[in-house]
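Student: Sequence plus predicted model, see below.
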Protein chains: 2
Amino acid sequence: MFSRLLASDLKEAGFNVSSARCGDSAMEMIEDYAPDLLMTERSLSGVSGIELTRKLKARTSTRQLPILMLATNSDHVDLARALETGADDFVHKPVSAIELVARARALLRRAKPTTVGERLEYEDIVVEMETLRAFRGGQLLKLGPTEFNILATFVEKPGRVWSRDQLLDVVWGPNTYIDPRTVDVHVGRLRKTLRAHGDGDPFRTIRGAGYALG
Amino acid sequence: MFSRLLASDLKEAGFNVSSARCGDSAMEMIEDYAPDLLMTERSLSGVSGIELTRKLKARTSTRQLPILMLATNSDHVDLARALETGADDFVHKPVSAIELVARARALLRRAKPTTVGERLEYEDIVVEMETLRAFRGGQLLKLGPTEFNILATFVEKPGRVWSRDQLLDVVWGPNTYIDPRTVDVHVGRLRKTLRAHGDGDPFRTIRGAGYALG
DNA sequence: GCGCGCCTTCACAGTTTCTTCACAAACCAC
DNA sequence: GTGGTTTGTGAAGAAACTGTGAAGGCGCGC
């Protein structure tokens, strides 16, 4: 389990910290809370830190999650393995709070370029993830950040039906408490903008279920 | 002076190693040989490792040089300073050869594919990396070092959106603790200068995301 | 030691965007 | 058609974000 002391150091530095009791609960928490960074130890009850790392790096949904591994000095042997399995950085214990915070910050900053230069298309709609611009029929669309994210979500999976709650999860992030009807307003504005730059409304409203593109 | 033992470990791992006797000679060697990576200790005769780091990071020409700092365990106090001045990574001694090699490789991997002596262009903007000068419409721009680096970063990838944190990482170097809003001020000044030497503002502000060129 | 240039922070104003609300419109089942 | 739900949408206040001038600090060259 993650040291209570280190946790309080991190909290003091402004991080929002959650601790898991063991490797298994860590997996659950990661899925539920979608943290920005994971700190783990080599040895955990249940799933080992290395095992946990390997699992997380194997999934697309958590591959981008930066992992910082803590190791005791006797763990030298495992260092190579830890790096190979995908830990992004590691430190030897004992470690000062200042160092831990510094490394955490470095990882977080480095991790940002997650959305690699993708270019999504659906019919006459184009979404450029690198430049954060969207077009319809070649015309640049003026969208707010939230509208852009919603459009990107839809274009990524044309045809898929998204419920309001799912959109809140994906676009706003997990654990946001916002009136689901707010989604209506954003989708409405998005539709309006799209209609103004092309023929017809590419969205479908599925009564009782949500929205879909195409 | 850099440990002869570690040097031989590194050589064995395939690195090409040169050692300097002191901080001053290190500066010279770096200028002469343009190494891909610098390993230094906190304390050196002449210029201290921290001082050396600061100087190298302050210069545009050596800013990209990855620096790995070695520290004894009693150096905890200086750790904060070491990071602040811009060391890219550091390890505590004693350190195993395997870890040193791993960290060195990680740094090199992360290091930017050399942009030495290049000439970057975007529309009427020209950035000469060799002479460290920038022009718009043929006119020489008077820019501070930071502004120059920001401009170079943008011109290198036109259109790409850079978040404030990414810019801090790329321009200021990793492990710098600076208010992200400071980026605004520099970008603002850069814009002002550019506007004064050409038509229009080539930059885009992406609300909630960062800045982009074009 | 001093002036200068550059960097960093801060505060405040101006905008844009978000969220909620209320009501009208659309839809569905009977 | 009627009643009950669900959705579309304009408006408005709230919240968040950015631009910018000014102040203070720091290192560097003279």
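Tutor: That came in fine, so what should we check first? Residues are numbered from 1 along each chain as shown, chains lettered A, B, ... in the order given.

Student: Helices along chain A, start to end?
Tutor: A:4-12, A:23-33, A:49-58, A:76-85, A:97-111, A:145-156, A:164-167, A:181-196 (DSSP state H).

Student: and chain A, what are its domains?
Tutor: A:4-111, A:119-213 (automatic domain parsing).

Student: The longest one close to DNA strand C?
Tutor: This means domain A:4-111. No: contact of domain A:4-111 with DNA strand C (C-beta under 7 Å from any atom of the strand) is absent, the minimum separation being 13.4 Å. Heads up, the C-betas are built off the backbone N, CA and C, glycines and all.

Student: okay, and the helix or strand of chain A with the least pLDDT?
Tutor: Counting by mean pLDDT, DSSP states H and E, the weakest-scoring helix or strand in chain A turns out to be helix A:76-85, with a mean of 61.

Student: Let me know the pLDDT of A:Gly23.
Tutor: On pLDDT, A:Gly23 comes in at 75.

Student: Check A:Pro174 too.
Tutor: A:Pro174 is given a pLDDT of 81.

Student: Could you count how many residues lie near it?
Tutor: Look at A:Pro174: counted by other C-beta atoms under 10 Å in any protein chain shown, it has 11 neighbours.

Student: And for A:Gly214?
Tutor: A:Gly214: 13 surrounding residues under other C-beta under 10 Å.

Student: Over to A:Arg103?
Tutor: Neighbour number of A:Arg103 under other C-beta under 10 Å is 23.

Student: need the contact list for the nearest residue in space to it that is not next to it in sequence.
Tutor: In space, A:Arg103 comes closest to A:Asp89 once its chain neighbours are excluded; the distance is 5.6 Å by C-beta to C-beta, 6 or more residues apart in numbering or on different chains. Going by C-beta atoms under 8 Å, 6 or more residues apart in numbering or on different chains, A:Asp89 touches A:Pro66, A:Ile67, A:Leu68, A:Met69, A:Arg103, A:Ala106, A:Leu107.

Student: top of those by neighbour count?
Tutor: So for the contacts of A:Asp89 (other C-beta under 10 Å), the most neighbours sit at A:Met69, 25 neighbours.

Student: and the gap between the residue nearest to the spatial centre of chain A and DNA strand C?
Tutor: What sits nearest the mean C-alpha location of chain A, by C-alpha atoms, centre = their mean, is A:Ala34, with 6.1 Å. Distance, A:Ala34 to DNA strand C, using C-beta to the nearest atom of the strand, to the nearest Å: 17 Å.

Student: Is that residue in contact with A:Val170, as I believe?
Tutor: No: the pair A:Ala34 / A:Val170 is not scored as a contact, 10.4 Å apart, by C-beta atoms under 8 Å.

Student: Which of the helices of chain A comes out lowest on mean pLDDT?
Tutor: helix A:76-85 (a mean of 61).

Student: Around DNA strand D, pick out the residues from chain A.
Tutor: Counting by C-beta under 7 Å from any atom of the strand, chain A sits next to DNA strand D at A:181, A:184-185, A:187-188, A:191-192, A:205-210.

Student: Try it again at 10 Å.
Tutor: Counting by C-beta under 10 Å from any atom of the strand, the residues of chain A close to DNA strand D are A:145, A:163-164, A:180-192, A:195, A:201, A:203-211.

Student: Show me which of these are buried.
Tutor: A:Arg164, A:Val183, A:His186, A:Val187, A:Leu190, A:Arg191, A:Phe203, A:Gly210, A:Tyr211 (16 or more other C-beta atoms under 10 Å in any protein chain shown).

Student: tell me which of the residues you listed is nearest to chain B?
Tutor: Taking C-beta to the nearest C-beta as the measure, chain B lies nearest A:His186 of these, at 14.1 Å.

Student: contacting residues for that closest one?
Tutor: A:Gly144, A:Thr146, A:Glu147, A:Ile150.

Student: gap between the residue lying closest to the residue nearest to the centre of chain A once chain neighbours are set aside and DNA strand D?
Tutor: With sequence-adjacent residues excluded and distances taken as C-beta to C-beta, 6+ apart, A:Ala34 is closest to A:Pro174, at 5.1 Å. As for A:Pro174, its distance to DNA strand D is 17 Å (criterion: C-beta to the nearest atom of the strand).
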